[in-house]
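**Student:** Sharing a model prediction with you, sequence too.
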Amino acid sequence: ECMIEAPHRIQNRFEQNMKGKDLDCLDFYNHQKLVVLFSSLSVKSFNHPHPCISPWSLNMQFYGKNDLTLGLFLRDYCYLSTYQCPEQSCKTDIVDHERRFVHAGQCVNLTMSKLSSVVDCLTNTPIMWSVCNKCLFMSDICIVSKETWNYSFAKFLELKFYEKSLCIRGPCTHPFHRCHTNFFALGNVVACFTRADIQITEVCP
């Protein structure tokens, strides 16, 4: 958690200095963020068909305000057994919720599931793998590295939305971030991130 404290303070000082000044669109500091439309829902919830958390704009500054590392996000909002839906009227397990991050005509869906059993040696070790949504190729299962655990969650989402050329080693030739579902597991809890295009509609009078 200390790794994101210093950048956060730097960003705060930058915001103080920018008060009352015109925004410079060429300044790279003004592009170190990702704005997403976040919502959470569950078909098992008492709130259904309404979402537990209605869509709202979330401004995530890389390694700063409203951002945290991928590992801390998984730990606090996926693996932590005491974490519950923020909507007080919802008593449904967070595993049965679907959380959505919408940006630029795309949506990254976060769903969760529980395994019936778990390998004893991996009870306290996070692992990850991916499956291609087009050719169904499955990557090797590996332990989540320190670099991946400490990677910005906002940057992880940005890669899912924008990175189109990176492919994994193997027979699969489809873009990794756009076409693969990413799985992160700890114990018997699995978090799945899937990107999909969405159709934007308009409300006509």
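**Tutor:** Great, that's in hand. Residues are numbered from 1 along each chain as shown.
**Student:** and the gap between residue 175 and residue 95?
**Tutor:** To residue 95, residue 175 is 29 Å away according to C-beta to C-beta, to the nearest Å. For the C-beta atoms, the positions are set from N, CA and C on the backbone; glycine is no exception.
**Student:** Low-confidence regions, this protein specifically.
**Tutor:** Within the chain, the segments meeting pLDDT under 70 span 1-30, 118-122.
**Student:** Mind doing that once more with 50?
**Tutor:** Applying pLDDT under 50 to the chain flags residues 1-10.
**Student:** mind listing the helices in the protein by residue range?
**Tutor:** 5-18, 70-74, 146-149, 153-162, 176-179 (DSSP state H).
**Student:** List of residues touching the third one?
**Tutor:** So that's helix 146-149. 69-71, 126, 128 (C-beta atoms under 8 Å, 6 or more residues apart in numbering).
**Student:** CSV for these, including distance to residue 87 and neighbour count?
**Tutor:** Output for the contacts of helix 146-149, formatted as CSV (distance: C-beta to C-beta, whole Å; neighbours: other C-beta atoms under 10 Å):
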residue, distance to residue 87, neighbour count
69, 25, 21
70, 25, 22
71, 26, 19
126, 27, 20
128, 29, 22
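**Student:** Tell me how many other residues crowd residue 173.
**Tutor:** 12 (other C-beta atoms under 10 Å).
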